[in-house]
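Prediction below, plus the sequence it came from.
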Amino acid sequence: MSRGDGDRAPVVTPCKHCGAPIEQRGGRGRRRSYCPDRGCQAAAKREREIRRATPGLEGALARAEDLYERMEKGLANAIAPLAAALFALLLWLWHLPRPYRATFESDLLYWTMHLTLLASALCLWHVLICRERRELQRAVVAGIVTVVQMGLLGAAITLAPRLLYDPHVLTTQLWGLTPLEDQQLGGLIMWVPGCAIVILAALAAVGRTLLSPASSVQR
């Protein structure tokens, strides 16, 4: 029987400023680099400012290090909106009538559609299933964006007055449905259960993050 998160040995890393041990929180997210209650981060920032002002190689290296840290932070902040935007773009693209029809005419396009949708969905779910307070806001925003765009697409497919996907003209009779009814059912599944799953995932992330002892501020 596997042990729960509470039974796992805590990960301890040294502070980048004073070297004191820091107990890291469970879950994803960047690890703490500085002591949370000793002012080490502010002290390290002051030292970097002094080093950046130093002429010569030492100052250049300090400026390069500062640029790298800002780029890393910016990339981490951009992951959530990029994941939500990429999933929305691909979902709408492959549900347009012409690209959708083309996937039935080309094996390459067929597998490209499935693989790109799968990869973008995995990126999105990586954002939605967060365990850190600092990731929570980005996860919730990504969830809201996903629910809105999926809801709009599902509603558009469900309420369309005519058939959009003619490759299914001869494939629905076996199930006792007309092609338009089959299209409406597919849109409704995306609209209601699909959006509900994303909403539940976002709510679960909120509850898990707020209730997890690992997410609380260390005393």
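Thanks, I have it.

What helices and strands are in contact with whichever strand or helix holds Lys73?
In the assignment (DSSP states H and E), Lys73 maps to helix 57-94. Secondary-structure packing of helix 57-94 (3 or more Cβ pairs under 8 Å, 6 or more residues apart in numbering; DSSP states H and E): helix 40-52, helix 107-128, helix 133-159. (Each C-beta comes from the backbone N, C-alpha and C, glycine too.)

Any buried residues in that helix, and which?
Neighbour-count burial for helix 57-94 flags 62, 80, 82-88, 90-91, 94 (criterion: 16 or more other Cβ atoms under 10 Å).

what's the most buried one of the helices and strands packed on helix 57-94?
Comparing these by mean neighbour count (mean count of other Cβ atoms under 10 Å), helix 133-159 ranks first with a mean of 18.

So which other helices or strands are in contact with that one?
Applying 3+ Cβ pairs under 8 Å, 6+ apart, we find helix 133-159 packed against helix 57-94, helix 107-128, helix 179-189, helix 195-211.

Okay, angle between that helix and helix 107-128 too, please.
Interaxial angle of helix 133-159 relative to helix 107-128 (axes from the mean of the first three to the mean of the last three Cα atoms, to 10 degrees): 140 degrees.

what's the angle from helix 133-159 to helix 195-211?
170 degrees.

And the average pLDDT for helix 133-159 is what?
Regarding helix 133-159, the rounded mean pLDDT is 91.

what residues are up against the residue nearest the centre of the chain?
The centroid of the chain falls nearest to Val127 when counting by Cα atoms, centre = their mean (2.3 Å). Going by Cβ atoms under 8 Å, 6 or more residues apart in numbering, Val127 touches 79-80, 83-84, 135, 138-139, 142.

which among those residues gets closest to Leu122?
Ala83 (9.1 Å; Cβ to Cβ).

residue contacts, the closest residue to the closest one other than its chain neighbours?
Spatially, and ignoring its direct neighbours in sequence, Ala83 is nearest to Cys123 (4.2 Å; Cβ to Cβ, 6 or more residues apart in numbering). By Cβ under 8 Å, 6+ apart, the contact list for Cys123 reads 79, 83, 86-87.
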